[in-house]
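Trainee: Quick one, what's the 3D model for this:
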Amino acid sequence: MCINIKNRIEASIARFNRDLEAAFGLARISPLLSKTIKEFIARKGKRIRPTLFVIGYLGYTKKPAQNLYTSALSLELLHNFMLIHDDIIDKSALRRGLPSMHKMLETHLGNYKDKKFNGQDLAIVVGDIVYAMAIHAFLSIKEDWQRKEKALKKFIEAAIYTGSGEFVELLYGMKSLEEIKRSDIYKVYDLKTAHYTFCSPLAVGAILAGAGENEVTKLIRFGVCLGRAFQIKDDLLDMFGKEKEIGKSALGDLKEGKKTLLLWHAYHNSTSKNKHYINKVLAKNTPGRHDLLAIRQLVLRSGALDCLRNDIERLLRQARTISAHLAMRKEYKTLLTGLSQKLLTV
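Mentor: Residues are numbered from 1 along each chain as shown. Have a look, this model is predicted:
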């Protein structure tokens with residue numbers, strides 16, 4: 001069933017790209033704008049957010065409304081908006097194994113001399129346009145207008161929380177690991193990952209279907225557990241994964257000086273000498289590969305890897321306990337727990 005949902009989401013993405021010109025006339029405004037948006041949106045991805053939206057919706061109704069999958073696409077568009085802006089902030093060259101949006105646009109601008117702006121400037125605007133498209137797609141579902149208004153507010157909350165998480169994380173980047181608390185890192189994980197990847201897609205779908213407040217609250221609690229575990233897994237992949245497998249630059253978090261839970265554990269289980277070295281590397285604007293690999297070895301020796309794997313298992317158990325009390329239709333609850341397990345396998 002999960003494959004069927006993903007296939008229908010992929011069909012919705014293809015349909016969106018096909019109808020983009022009729023809907024917005026972007027190619028008449030700028031062929032480059034239309035081309036880059038279509039290419040970026042069509043890239044292969046896990047489609048976690050629209051899938052959870054559909055599960056959240058179908059889990060509480062037997063009569064799906066017209067344009068459900070177009071509305072589901074809004075969560076993928078929201079994700080793309082976040083990725084475009086995030087890659088600018090993180091100075092990431094790759095996204096889903098291909099050049100990030102600002103790198104694509106920078107390549108195009110290479111043909112021009114004496115330009116007064118760069119690919120990052122253009123990509124910021126593209127991201128804003130994609131966010132507007134996300135809201136447009138969301139409103140396409142033929143559902144009760146009161147539910148739709150309530151769900152849209154929850155959808156917009158996801159953008160607010162994620163932006164707030166990015167803001168806080170950047171400020172934390174100026175602090176040393178000695179000053180950062182474990183709860184500070186979890187706050188960023190909740191804001192940047194849990195809300196827009198798990199909580200909001202499930203809650204928005206359920207609200208549209210008419211689920212009650214108590215049920216939505218349980219879905220959000222469930223989403224927080226999954227979101228934290230998912231971000232921990234992402235941190236592990238960033239540190240130890242290969243670029244071809246993860247679709248983005250490896251060791252990116254270290255290069256950017258991000259205070260991840262993985263690094264926090266390693267730091268607090270290191271000698272004074274190694275703590276000093278970690279802080280020294282994180283303070284550099286462009287740490288060299290030798291330093292990055294040395295930090296990775298310190299992380300391996302610290303026992304942080306096993307500790308965080310245990311955290312993932314603990315969070316997954318908590319999520320299962322919450323899901324057992326959901327009033328969601330059985331087939332979709334089974335689908336939800338199965339997908340959660342698959343996403344969090346380390």
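
Trainee: tally of neighbours for the nearest residue in space to residue 265 that is not next to it in sequence?
Mentor: With C-beta to C-beta, 6 or more residues apart in numbering as the criterion, residue 265 has its nearest non-adjacent residue at 3.7 Å, and that residue is residue 304. For glycine as for every other residue, the C-beta is placed from the backbone atoms N, C-alpha and C. Number of residues near residue 304 (other C-beta atoms under 10 Å) recorded here: 25.

Trainee: can you check the one 3 residues further on too?
Mentor: For residue 307, the neighbour count with other C-beta under 10 Å is 15.

Trainee: buried residues in the helix or strand containing it?
Mentor: Using DSSP states H and E, residue 307 sits in helix 304-323. Neighbour counts over helix 304-323 (16 or more other C-beta atoms under 10 Å) mark 304-305, 308, 311-312, 315-316, 318-319, 322-323 as buried.

Trainee: quick one: contacts for the residue nearest to residue 265?
Mentor: 262-263, 265-266, 269 (C-beta atoms under 8 Å, 6 or more residues apart in numbering).

Trainee: What is the host helix or strand of residue 301 packed up against?
Mentor: Per DSSP H and E, residue 301 falls inside helix 289-302. If you count contacts as 3 or more C-beta pairs under 8 Å, 6 or more residues apart in numbering; DSSP states H and E, helix 289-302 packs onto helix 213-240, helix 252-255, helix 261-268, helix 272-283.

Trainee: got a list of contacts for the second one?
Mentor: Applying C-beta under 8 Å, 6+ apart, the set of residues contacting helix 252-255 from outside is 90, 92, 235, 238-239, 249, 260, 263, 281-282, 286-287, 292, 295-296.

Trainee: Pull the most distant pair out of the residues you listed.
Mentor: 235 and 286 (20.9 Å; C-beta to C-beta).

Trainee: Who has more neighbours out of these two?
Mentor: Per other C-beta under 10 Å, whichever of residue 235 and residue 286 has more neighbours is residue 235, with 21 against 7.

Trainee: mind listing what the more buried one touches?
Mentor: Counted by C-beta under 8 Å, 6+ apart, residue 235 has contacts 253, 260-262, 308.

Trainee: hmm, back to that, how about the helices and strands packed on helix 289-302 in TSV, adding distance to residue 205 and mean pLDDT?
Mentor: Formatted as TSV, those follow (distance: least, C-beta to C-beta, whole Å; pLDDT from 0 to 100):
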stretch	distance to residue 205	mean pLDDT
helix 213-240	9	94
helix 252-255	30	80
helix 261-268	29	92
helix 272-283	39	89
